[in-house]
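what shape does this take:
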Amino acid sequence: MRLDRYLANLQYGTRSDVKKMIKANRVAINGQKVRNGSVSVGPGATVTVDGKTVGGCLQVYYLMNKPSGVLTANSDATQKTVLDLIAPADRRPGLYPVGRLDKDTTGLLLLTNDGALGHALLSPKRHVPKTYLVSLAAALTPAMADQLAEGITFQEFTSAPATVAVRPGSEGRLIELTIHEGKFHQVKRMLKAVGNQVTALQRIQMGPLHLPASLPSGQYRELTEADLAALLEAKK
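Modelled structure (predicted):
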């Protein structure tokens, strides 16, 4: 990769800023000062800026606990988005949220600049399961649960059979619902179709990824090697 692109991708400034740094004799590769941004940074090369070694992954994978009131989008002129929650040093070109959570929906959201992985996880052919913790306006009846488990027919699609589990002690008003699609407002529409209403919605699992209980709302962390290996397996 070109040196100027490498430094820009690591958030050391715009391409223009980086070129100025290089021309100012502030950048070295393997101890040798470089003044040409087109020089290639080879595997294992040590790059320094003002004598300090720079580095970091160019391809990133973040697991976020999305808060309510934030848009799942790259940018918006008037409202805060999930990309606004990413620290400047952690941003990378092409970083985007994989899938969509409604503005008032909270919980697990994957962000990456690995487009191939994101596309594979969202592909309808792979049926990656997504589990939500759903608060309901009324207790879920056995008849409602049966309808959800059979699949709900809408005008544009029929949902695959869902898995339903009532949380103990909730009197039927807090359930875990696992679906295999990701249609617009799908969980809310499914519950409305069986005669109920969603009052709060949190995604707690996507494929092999679970929402960590220790991850505060609005915060994120990098995927572990085990997380990433499990995701790569899920996309096959």
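
C-alpha from now on. contacts and neighbour counts both.
Will do.

as a check, name the ranges of all strands in this protein.
27-29, 32-33, 47-49, 52-54, 61-66, 96-98, 106-112, 130-136, 163-166, 174-179, 198-206, 209-210, 220-222 (DSSP state E).

of those strands, which shows the lowest average pLDDT?
Here these differ in mean pLDDT, and the lowest is strand 52-54 at a mean of 91.

okay, the residue nearest to Arg15 when sequence neighbours are not counted: pLDDT?
Nearest residue to Arg15, sequence neighbours excluded (Cα to Cα, 6 or more residues apart in numbering): Ala8, at 5.6 Å. For Ala8, the model assigns a pLDDT of 89.

also His127?
With respect to pLDDT, His127 has a value of 81.

wait, it touches Gly182, no?
No: with contact defined as Cα atoms under 8 Å, His127 does not reach Gly182; the gap is 9.5 Å.

distance check, Ser159 against Leu177.
From Ser159 across to Leu177, the span is 12 Å (Cα to Cα, to the nearest Å).

which residue is nearest the centroid of the protein?
The centre of the chain sits closest to Leu110, judged by Cα atoms, centre = their mean, with a distance of 1.6 Å.

tell me the bridge partners for that residue.
Counting by DSSP bridges, Leu110 is bridged to Leu63, Val98.

and it, how far is that from Thr153?
Distance, Leu110 to Thr153, using Cα to Cα: 28 Å.

ok so, going back, of all the strands of the chain, which one is nearest Val18?
strand 27-29 (9.4 Å; Cα to Cα).

note down every partner strand of that closest one and its orientation.
Looking at strand 27-29 with DSSP bridges, its partner strands are strand 32-33 (antiparallel), strand 47-49 (antiparallel).

tell me the most buried of these?
Ranked by mean neighbour count, the strands paired with strand 27-29 are led by strand 47-49 with a mean of 19 (mean count of other Cα atoms under 10 Å).

who's in contact with that one?
For strand 47-49, contacts defined as Cα atoms under 8 Å, 6 or more residues apart in numbering pick out 26-31, 53-55.

make JSON lines from those residues and add neighbour count and distance to Asp104 to it.
Below are those laid out as JSON lines (neighbours: other Cα atoms under 10 Å; distance: Cα to Cα, whole Å):
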{"residue": "Arg26", "neighbour count": "17", "distance to Asp104": "46"}
{"residue": "Val27", "neighbour count": "27", "distance to Asp104": "45"}
{"residue": "Ala28", "neighbour count": "20", "distance to Asp104": "47"}
{"residue": "Ile29", "neighbour count": "18", "distance to Asp104": "47"}
{"residue": "Asn30", "neighbour count": "13", "distance to Asp104": "49"}
{"residue": "Gly31", "neighbour count": "12", "distance to Asp104": "51"}
{"residue": "Thr53", "neighbour count": "13", "distance to Asp104": "42"}
{"residue": "Val54", "neighbour count": "14", "distance to Asp104": "38"}
{"residue": "Gly55", "neighbour count": "12", "distance to Asp104": "36"}
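
low-confidence regions, the protein specifically.
For the chain, applying pLDDT under 70 flags no range at all.

now the helices for it?
3-9, 15-23, 115-122, 142-150, 186-193, 225-234 (DSSP state H).

as a markdown table, those helices with distance to Leu211 would be great.
Shown next, in a markdown table, are these (distance: least, Cα to Cα, whole Å):
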| stretch | distance to Leu211 |
| --- | --- |
| helix 3-9 | 28 |
| helix 15-23 | 36 |
| helix 115-122 | 17 |
| helix 142-150 | 23 |
| helix 186-193 | 18 |
| helix 225-234 | 12 |
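
among those helices, which is the most enclosed?
Compared across the helices of the chain, helix 3-9 shows the largest average neighbour count, a mean of 22 (mean count of other Cα under 10 Å).
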